[in-house]
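Engineer: A structural model of the following input is requested.
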Amino acid sequence: MTGWTDERGKRLSDYPRPSVAVDTALLTVRDETLCVAVVDREGSKRLPGTFLHEGELLAEAVERSLQQRVGLRGVVPRQLRTFDAIDRDNRGRVLSVAHMIALPEHQLIDIGVVPIDKAVGLDFDHDLIVAEAVAVLRREYADHPDPARLLGECFTILDLHRTHVAIDPTTAHKDTFRRAMKRELVETDQMETGTVGKPARLFRRT
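Structural biologist: Numbering: from 1, shown residues only. So this is what the prediction gives:
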């Protein structure tokens with residue numbers, strides 16, 4: 001709208017414009033441990049991210065950052081929330097629209113990941129972004145069997161339980177866990193293969 005001003009008589013250009021960044025917590029389970037992807041840039045560690053370009057959507061910036069920083073394509077992280085502490089970036093006023101996604105290990109096989117308890121001292125406030133992403137993931141895994149589908153289509157109860165424990169160490173013991181998850185599981189006619197001893201039954205999500 002040409003000539004628009006607000007109630008104070010100011011135009012949009014009269015207000016300071018903070019930079020906008022996108023940062024993504026890429027989570028996975030590796031060696032029965034919850035991990036997050038970390039980018040090492042000249043000795044400083046941070047989540048993969050970038051600044052929003054003019055004329056670019058947030059989702060496009062996230063896609064671009066993942067391709068450029070970690071070589072990851074074809075995934076769609078979701079928004080976590082905006083981190084806007086005044087002093088979060090020593091380069092100037094920067095808002096970060098944080099995103100998150102949990103992926104199977106094989107999708108991050110060539111990407112550097114670290115256990116979440118070692119993802120500390122990251123640049124800016126990325127420690128907080130990781131902590132919040134983990135908290136969201138744990139809430140989702142509390143009531144549903146592997147909602148992020150880190151496992152394959154079919155899996156044993158033991159593998160499912162191990163995955164949940166990796167994400168949240170407070171997960172109930174196996175028998176209690178199985179009863180809680182049973183309503184969302186379907187027993188298949190398949191058995192696991194390549195194991196020593198009696199093979200276990202495979203299940204799938206409803």
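Engineer: what are the ranges of the strands in this protein?
Structural biologist: 19-30, 33-37, 39-41, 44-46, 49-51, 78-83, 94-102, 113-115, 154-155, 185-191, 201-205 (DSSP state E).
Engineer: And the contacts of stretch 143-155?
Structural biologist: Outside stretch 143-155, the residues within contact range by C-beta atoms under 8 Å, 6 or more residues apart in numbering are 27-29, 101-105, 137, 140-141, 159-160, 163-164, 180-181, 184-185, 188, 190, 202-205. Using the backbone N, CA and C atoms, a C-beta is placed for each residue, glycine as well.
Engineer: quick revisit: mind putting the strands of the chain into a markdown table with mean pLDDT and distance to residue 125?
Structural biologist: A markdown table is the format used below for these (pLDDT from 0 to 100; distance: least, C-beta to C-beta, whole Å):
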| stretch | mean pLDDT | distance to residue 125 |
| --- | --- | --- |
| strand 19-30 | 97 | 9 |
| strand 33-37 | 98 | 14 |
| strand 39-41 | 90 | 15 |
| strand 44-46 | 93 | 10 |
| strand 49-51 | 96 | 12 |
| strand 78-83 | 97 | 6 |
| strand 94-102 | 97 | 7 |
| strand 113-115 | 97 | 17 |
| strand 154-155 | 96 | 36 |
| strand 185-191 | 93 | 38 |
| strand 201-205 | 95 | 35 |
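Engineer: Can you list the strands that the lowest-mean-pLDDT helix or strand in the chain pairs with?
Structural biologist: Least confident helix or strand of the chain, by mean pLDDT, DSSP states H and E, is strand 39-41 with a mean of 90. Paired neighbours of strand 39-41 in the sheet (DSSP bridges): strand 44-46 (antiparallel).
Engineer: ok, back up a step: now the contacts of stretch 143-155: which count as buried?
Structural biologist: 27-29, 101-103, 137, 141, 159-160, 163-164, 180-181, 185, 202-203, 205 (16 or more other C-beta atoms under 10 Å).
Engineer: Pull out the buried positions in stretch 65-81.
Structural biologist: Within stretch 65-81, the residues that count as buried by 16+ other C-beta under 10 Å are 65, 66, 69, 70, 72, 77, 80.
Engineer: residue contacts, the first one?
Structural biologist: The reference is to residue 65. 22, 23, 24, 48, 49, 50.
Engineer: Who does the fifth one form a beta bridge with?
Structural biologist: For residue 49, the residues forming beta bridges with it (DSSP bridges) are residue 23.
Engineer: so where's this structure uncertain?
Structural biologist: 1-2, 196 (pLDDT under 70).
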